[in-house]
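Colleague: Kindly return the folded structure for what I paste below:
(2 chains)
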Amino acid sequence: MNDSKRKWWGYFFIAPQLIGMLAFSILPLGFAFGLSFMKWDGFGEREFVGFANYISQFKDDNFITALVNTAYYSVLVIPVGIAAALLVALALNKVKGKTVYRVFFFMPVVTSSVSIGVIWMWLLNGDIGLINQLLAMIGIDGPNWLTDRNLVLPSIAGLSIWWGLGTNMVIFLAGLQGISRSYYEAADIDGASSIQKFLHITFPLLSPTTFFVAIMSVIGSFQVFDQAYVMTQGGPGKASYTLVYHIYETAFGRTAFGPSTASAMVLFAIILMFTLIQFSVSRKWVHYEDGGR
Amino acid sequence: MEEGKTTIEQQPPKQVRHHNKSKIRPSQIALHFALIIGSLVMAGPFIWMALSSLKSFEQIFAVPPVWIPDPFMWSNITDSLSAMPFGRAYFNSFYISFVVVFSQLLTCSMAAYAFAKIKFPGSRFLFVAFLATMMVPMQVTLIPLYIIMDNIGWVNSHLSILVPNALFNAFGVFLLRQFIMGIPKEMEEAAVMDGANPLYIYWKIILPLVRPALAAFGIFSFIGIWNNFIQPLVFLSDQDLYTVPLLLATFKGLYVTNWPLMMAGATISVIPVLVIYVFAQRQIIEGIALTGVKG
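Modeller: Coordinates of the predicted model:
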């Protein structure tokens, strides 16, 4: 078949996904961009207001609270989440029967945020929850995890760490398997201790993986919504009110589509920034594609 | 901690003895001990959920906690199934998942094949566009999508969830393209010589060769769409149209103090994905490791 005929086949094969991309990603993205500069409640006339939505958002206490809460949540989730996942991966890498453990540690990842939220509401219940009952057995009077405004975000962060541990662990395990045994053999000959081996071989060679996990964690944690929606509705007060909660609430609670999309564009900017950092760094450090390392 | 005995049976310290020249090192025992505790922390909430779902009202509030329900209240399951249209939600979730998974398998593999094997003007640019859309968080397009759906009358219809997901998954296109790129040219050359058209090559040569990748992507796609929450929350208002996660969220709002019933609802909602997970865990875990992307 000649090339000119073949190229039409190319368009034929990509047509369904191309239509999907144009209709359900590019068009809504352009629409979101335009809407973020407009005043519109979904019914009346659309009015171009320039940067007014962005300015009003940054003056809006709810938006600032949401931004601060989301940042605080990220600070809680990311370091502990990465450290825990790395620790489990290191343990599994050295132990016999790792597949059995891996199954357990990955289990929560496949489960829906709503089911996880319902289960953990029950576990974290201040009066009758299992966690406080277990604490009571060792003589500790447990707090009200989800109704205390100082504890609610750390509690949601804790369950998010539990929920996402498996994903990061598996990526770390893949990274660990990529480290050539010859480094450790050389270190053994030099009489290096296991701590020295970790600090001088494992950790440096795992740094691209760690970086990747860190960036993906930031991107994920800035999108937190489901757990807060199911468990606390953003409360108590606004203590677990997150950025995506604010976007949702502004659009569908107050039908203020302009300010809501302006907030969404801010979220997009944050995520885009971290994605671009990841891209530019990974090009220098790692080669995920091509199978090489 | 009383659960220790149930898990120790499944753990493999016996194997350690075989492989380590009949010498068990203390560090290995400590490691196993820590990992068993860790596994309990990970699986414990599910076990507790399943056990609680079968307890009576008194037992669920018992102090100290009762672990094994006595008697087993199977009626909790039937009660929660009849308290809300869970059967209907199950049907909705399954049919939405199957339609979306199968159309994604077809349309993503078609696009992936074209990007990997056919030279056509603009293919590089279009592929980069697909990659770029992966950076757009779903929350950004959600509101415009809602407005678009509202205008074409798809709000409160399954079409609003089916069509966008069925026709667009940039990650799937990217993932499958990576696999198709790996197929050597020689595999299709003979067919090209015989004058086979690309449709034949795609269907008869490429698809069978990437079956494992299709299976892995299909499972990811199923888990993703089954667990999808924010889209049904925004697009659907008629309870008969609800998917399982959305119905569970509503259920939680209505039965906020009836914990046995809520745990029964949660148990019902996680069973399909947990069953699929147990059967396909190898492919799921390795797929995640391969792509580094959460399903």
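
Colleague: Please identify the nearest residue in space to A:Ile201, excluding sequence neighbours.
Modeller: A:Tyr183 (4.8 Å; CB to CB, 6 or more residues apart in numbering or on different chains). (Glycine included, C-beta is placed from N, CA and C.)

Colleague: Run through who's touching whichever strand or helix holds that neighbour.
Modeller: According to DSSP states H and E, A:Tyr183 maps onto helix A:181-189. With contacts defined as CB atoms under 8 Å, 6 or more residues apart in numbering or on different chains, helix A:181-189 is touched by A:Gln196, A:Lys197, A:His200, A:Ile201, A:Leu205.

Colleague: can you check stretch B:148-162 too?
Modeller: When contacts are defined by CB under 8 Å, 6+ apart, stretch B:148-162 is touched by residues A:27-28, A:31, A:42, B:92, B:96, B:99-100, B:145-146, B:163, B:228, B:231-232, B:235-238, B:241, B:243.

Colleague: for the record, mean pLDDT for the helix holding A:Tyr183?
Modeller: Mean per-residue pLDDT for helix A:181-189: 89.

Colleague: what's the spacing between that helix and its chain's center?
Modeller: 36 Å (CA atoms, centre = their mean, to the nearest Å).

Colleague: Next, the buried residues of that helix.
Modeller: Neighbour-count burial for helix A:181-189 flags A:Ala187 (criterion: 16 or more other CB atoms under 10 Å in any protein chain shown).

Colleague: Could I get the CA-only coordinates of that helix as PDB?
Modeller: Written as PDB, here are the backbone C-alpha positions of helix A:181-189 (Å, rounded to 0.1, in the frame of the first residue of the first chain):
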ATOM      1  CA  ARG A 181      24.000  -6.100  42.600                       C
ATOM      2  CA  SER A 182      27.600  -5.400  41.700                       C
ATOM      3  CA  TYR A 183      27.600  -2.200  43.700                       C
ATOM      4  CA  TYR A 184      26.700  -4.200  46.900                       C
ATOM      5  CA  GLU A 185      29.200  -6.900  46.100                       C
ATOM      6  CA  ALA A 186      31.900  -4.300  45.800                       C
ATOM      7  CA  ALA A 187      30.800  -2.700  49.100                       C
ATOM      8  CA  ASP A 188      30.800  -6.100  50.800                       C
ATOM      9  CA  ILE A 189      34.400  -6.600  49.700                       C
END
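
Colleague: Just the buried positions in the helix or strand following that helix, please.
Modeller: Following helix A:181-189 in sequence order, the next helix or strand is helix A:194-197 (DSSP H and E). Within helix A:194-197, the residues scored as buried using 16+ other CB under 10 Å are A:Lys197.

Colleague: Same question for stretch A:18-37.
Modeller: The neighbour-count check on stretch A:18-37 (16+ other CB under 10 Å) flags A:18, A:20-21, A:23-26, A:28-29, A:31-33, A:35-37 as buried.

Colleague: Closest one of these to B:Ile206?
Modeller: Nearest to B:Ile206, judged by CB to CB, of these is A:Leu18 at 18.8 Å.

Colleague: what sits against the spatially most central residue of chain B?
Modeller: Closest residue to the average C-alpha location of chain B: B:Ile223 at 1.3 Å, with CA atoms, centre = their mean. Contact analysis of B:Ile223 by CB under 8 Å, 6+ apart lists A:Val110, B:Val273, B:Ile276, B:Tyr277, B:Ile284, B:Gly295.

Colleague: what's the neighbour count on the third one?
Modeller: To tie it back to what came earlier, the one meant is B:Ile276. A count of nearby residues for B:Ile276, using other CB atoms under 10 Å in any protein chain shown, gives 16.

Colleague: State the helix or strand in which it lies.
Modeller: With DSSP H and E as criterion, B:Ile276 is part of helix B:259-291.

Colleague: and that helix, anywhere near chain A?
Modeller: Yes: against chain A, helix B:259-291 shows contacts by CB under 8 Å from any CB of the partner chain at B:259, B:262-263, B:265-266, B:269-270, B:273-274, B:276-278, B:281, B:284-285, B:288-290.

Colleague: Show the buried residues in these.
Modeller: B:259, B:262-263, B:265-266, B:269-270, B:273-274, B:276-277, B:281, B:284-285, B:288-290.

Colleague: B:Ile143 versus B:Leu162, what's the distance?
Modeller: 20 Å (CB to CB, to the nearest Å).

Colleague: same thing with B:Trp259?
Modeller: Computed as CB to CB, the B:Trp259 to B:Ile143 distance reads 35 Å.

Colleague: Make JSON lines out of the contacts of B:Ile223 and add pLDDT.
Modeller: Shown next, in JSON lines, are the contacts of B:Ile223 (pLDDT from 0 to 100):
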{"residue": "A:Val110", "pLDDT": "90"}
{"residue": "B:Val273", "pLDDT": "88"}
{"residue": "B:Ile276", "pLDDT": "89"}
{"residue": "B:Tyr277", "pLDDT": "89"}
{"residue": "B:Ile284", "pLDDT": "82"}
{"residue": "B:Gly295", "pLDDT": "34"}
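
Colleague: what's the closest non-adjacent residue to A:Trp9?
Modeller: Once flanking residues are discounted, A:Trp9 sits nearest to B:Pro198: 4.2 Å by CB to CB, 6+ apart.

Colleague: Tell me who's in contact with that neighbour.
Modeller: Neighbouring residues of B:Pro198 by CB under 8 Å, 6+ apart: A:Met1, A:Arg6, A:Trp9, A:Phe13, B:Tyr113, B:Ile118.

Colleague: Most neighbours among those residues, please name it.
Modeller: For those, the largest number of neighbours (other CB under 10 Å) sits with B:Tyr113, at 27 neighbours.

Colleague: Return the distance of that residue relative to A:Lys7.
Modeller: According to CB to CB, B:Tyr113 stands 14 Å off from A:Lys7.

Colleague: now the strands: where do they sit in chain A?
Modeller: A:38-39, A:47-48 (DSSP state E).

Colleague: Name the surrounding residues that touch the last one.
Modeller: The list of residues contacting strand A:47-48 from outside it, by CB under 8 Å, 6+ apart, reads A:Phe37, A:Met38, A:Lys39, A:Trp40.

Colleague: any idea which of these is closest to B:Ile24?
Modeller: Relative to B:Ile24, the closest of the contacts of strand A:47-48 is A:Phe37; by CB to CB it sits at 68.1 Å.

Colleague: Can you read off the pLDDT for that closest one?
Modeller: At A:Phe37, pLDDT is 95.

Colleague: Same question for the one 3 residues further on.
Modeller: Per-residue confidence for A:Trp40 comes out at a pLDDT of 84.

Colleague: Quick check: which ranges of chain A have low pLDDT?
Modeller: The model of chain A has pLDDT under 70 over residues A:1-4, A:283-293.

Colleague: middle-most residue in it, spatially?
Modeller: For chain A, the residue nearest the mean C-alpha position is A:Gly220 (1.5 Å; CA atoms, centre = their mean).
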